[in-house]
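**Student:** kindly return the folded structure for what I paste below:
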Amino acid sequence: MGILSLKGSVYRATEWISRFAYVNGLWVLLTVAGLGVFGWAPATVAMFVVMRKWLMGEKDVSVFKMFWQAYKKHFIQANIFGLFYFGVGYILFFDLVYFKSQEGLIFQIMFYLFLMIFYVLIISLFFVFPVFVHYDLKKRLQVIKYSMVIPLMRPLEVIGFLAVGAILGFLLILFPSVGILFGISLFGYLDMYSAYRAFSKIEQKGNSLLQKK
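**Tutor:** Reported below is the predicted structural model:
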């Protein structure tokens, strides 16, 4: 009985390793297909669509078909989000560099104010694609709005994501070959898991005014 249980555990572990490696490979392939700049955002959305299905218990789905359909369907929308965050982040970064280089109390205040805004933007970036694939929101500004509001409503999930993400990042630095094979998909799963947990907690309390897809 013990041997059969061990074999079953090994089989399941091997199956999940294969799944994460496959999704990671699809993300890299379609990111390159989109010339990098225009490929990473739709590839990330497609990855979150797959991860969401897994978290909902739908593990026997055609990963390639789902990934490819989501990539094509959300190509423009995802790139709009990607370019928005890149553009705003670019402006904030140079504002921070400028304020940091100046002397005076007003520049110090502006530096920490913009640093806080930059932090909110980063957290929002981690939630924007999970919000996009999970909820039926018609307007892009709504997606961005809720990607900022939901982390404030569930800070424990954000803290947990950052803590586990930091540990995972450290381990991937120690074992770069693992990072190449699974890095993106593991971070994607962790991100979607944290966001999905936050969504579920909010919905259980009846605080969600959003309609799921």
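**Student:** so what pLDDT did Gln211 get?
**Tutor:** Looking at Gln211, its pLDDT stands at 60.
**Student:** and Tyr85, by the same measure?
**Tutor:** For Tyr85, pLDDT reads 96.
**Student:** do the same with Trp16
**Tutor:** At Trp16, pLDDT is 88.
**Student:** ranges for the strands of the chain?
**Tutor:** Counting by DSSP state E, one finds no strands in the chain.
**Student:** tally up the residues packed near Arg12, please.
**Tutor:** Residues contacting Arg12 under the criterion other CB atoms under 10 Å number 10. To be clear about C-beta, it is placed using only N, CA and C from the backbone, and glycine gets the same treatment.
**Student:** can you check the one 4 residues further on too?
**Tutor:** For Trp16, the tally of surrounding residues (other CB under 10 Å) stands at 13.
**Student:** which stretches of the chain form helices?
**Tutor:** Secondary structure of the chain (DSSP state H): helices at 2-33, 40-55, 63-73, 75-101, 105-134, 140-153, 155-174, 176-204.
**Student:** name the residues of stretch 96-110 that are buried.
**Tutor:** Leu96, Phe99, Met110 (16 or more other CB atoms under 10 Å).
**Student:** what's the spacing between the nearest residue to Val120 once chain neighbours are set aside and Gln108?
**Tutor:** Leaving out its chain neighbours, the residue that sits closest to Val120 by CB to CB, 6 or more residues apart in numbering is Met148, at 6.2 Å. From Met148 across to Gln108, the span is 25 Å (CB to CB, to the nearest Å).
**Student:** try Gln142
**Tutor:** Distance from Gln142 to Gln108, by CB to CB: 35 Å.
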